[in-house]
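Novice: Got a predicted structure plus its sequence, pasted below:
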Amino acid sequence: MIDELVDPSALAKFLASEAPDYAGDFTVERIGEGQSCLTFLVTGDGWRVVLRRPPRGDLPPSAFDVTREYRVMRALHDHGAPVPVPGPIVLCEDKDVIGAPFYLMESVDGVVVRDTLPDALSSLDDRARMSYQLLDTLVDLHAVDYAAVDLASFGKPAGYLERQLRRMNQLWELARFREQPDIDGVGEWLGANVPEQTEASIVHGDYKLDNVILAPTSPATLVAVVDWEMSTLGDPLADVGWLLYFWLDPGDELFRGPGAGGVTYLEGFPHRADLLRRYAERSGRDVRAIDWYAAMAGWKIAIIMEGSYRRFLGGVTDHPTFARLEEGVPALARRAAMAMRGELRL
């Protein structure tokens, strides 16, 4: 199956030509639990690199764009921005090499926290430390001068929220195949209550705890931000709403579909309101409309996951957790509706 996604002989020829430091025999292993772009560990004699490519199947235009990932990571890395990213190595935009565009980046030694905490990072101090480093790194990202790091043409900051709504409504029409009243209701409310965008920054687009890599030992240290495929220039509060939508407080519904789940309801983790307060204090931004941004986050992920579920049912994607999306997507949409009603205690 892996050979169908990463042709080893074609990749070997590409490496010999474009990245000779990584030429020679290697193995390819699929890693990670992401539900969008596919991630592989490529291991050779004395080296390891990570390859990212889009999933298979008929994909929506501009979705799963690994070239965007590579570009923003290259810019942040080369300009020494205060946002740690894996070192980018090489981008291949020719889909004929392995069947899709792809890029290689350095392998980062660390752990990703999803549904369980590593024993080495399970102390109450480490829980708080990883949380606040996650938040503070987001503040740092939003403070980066995107023009100074050669990303002025990375997106169109003005009208970002309206474009997001228009784009996601288009994707919803492509993904729709069953009744999802919460997606429809939240979408209507978002369109009728768009807040005024007052600032623009680099927006990660999928910023949450399981999209960063932590050093494997205490004290908890954030060593890399990954999964930049949805990054652009836009409203920084979109990232804040996304982070808070996925952040579980004690008493929240513990839904376990793709794109959901987590450990932040456990003792020692700050609550959503604590993170929001810290972001407002450190960034100086007005966050009074945050419920709208959290609702948009839930609406977007529900639409994205419904598209993934449709591809899963059509046999064009094989991620094992997609079978849970029959109930997982409605759960994501219900949480978006809660944010719309101001029930996430932000």
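Specialist: Arrived safely, thanks for sending.
Novice: Count the residues that sit near Thr317.
Specialist: Counted by other CB atoms under 10 Å, the residues lying close to Thr317 total 17. (Each C-beta comes from the backbone N, C-alpha and C, glycine too.)
Novice: Look up which helix or strand the residue nearest to it when sequence neighbours are not counted falls in, please.
Specialist: Nearest in space to Thr317, with sequence neighbours left out and distances taken as CB to CB, 6 or more residues apart in numbering, is Arg311 at 4.6 Å. Using DSSP states H and E, Arg311 maps to helix 290-313.
Novice: circling back: the residue nearest to Thr317 and Ile304: what is the separation?
Specialist: Distance, Arg311 to Ile304, using CB to CB, to the nearest Å: 11 Å.
Novice: And those two? Which one has more around it.
Specialist: Ile304 (24 against 20).
Novice: Could you double-check that the more buried one lies in contact with Trp172?
Specialist: No - contact criterion CB atoms under 8 Å: Ile304 and Trp172 do not qualify, at 9.7 Å.
Novice: ok, Val49 - contacts?
Specialist: Contacts for Val49 were tallied using CB atoms under 8 Å, 6 or more residues apart in numbering; they are Tyr22, Leu41, Val42, Ile89, Leu104, Met105, Glu106, Ser107.
Novice: count of neighbours near the last one?
Specialist: Which is Ser107. Around Ser107 there are 16 residues (other CB under 10 Å).
Novice: For it, give me its contacts.
Specialist: Leu41, Arg48, Val49, Val50, Pro86.
Novice: for the worst-scoring helix or strand of the chain on mean pLDDT, packing partners?
Specialist: Every helix and strand in the chain was compared by mean pLDDT, DSSP states H and E; the lowest is helix 2-5, with a mean of 80. On a contact count with 3 or more CB pairs under 8 Å, 6 or more residues apart in numbering; DSSP states H and E, helix 2-5 meets strand 26-31, strand 38-44.
Novice: rerun at 7 Å
Specialist: Contact partners of helix 2-5 among helices and strands, from 3 or more CB pairs under 7 Å, 6 or more residues apart in numbering; DSSP states H and E: none.
Novice: Put the alpha carbons of it into PDB.
Specialist: The C-alpha trace of helix 2-5 is given here as PDB (Å, rounded to 0.1, in the frame of the first residue of the first chain):
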ATOM      1  CA  ILE A   2       2.800   2.400   0.900                       C
ATOM      2  CA  ASP A   3       4.400   1.800  -2.500                       C
ATOM      3  CA  GLU A   4       1.200   3.100  -4.100                       C
ATOM      4  CA  LEU A   5       1.600   6.400  -2.200                       C
END
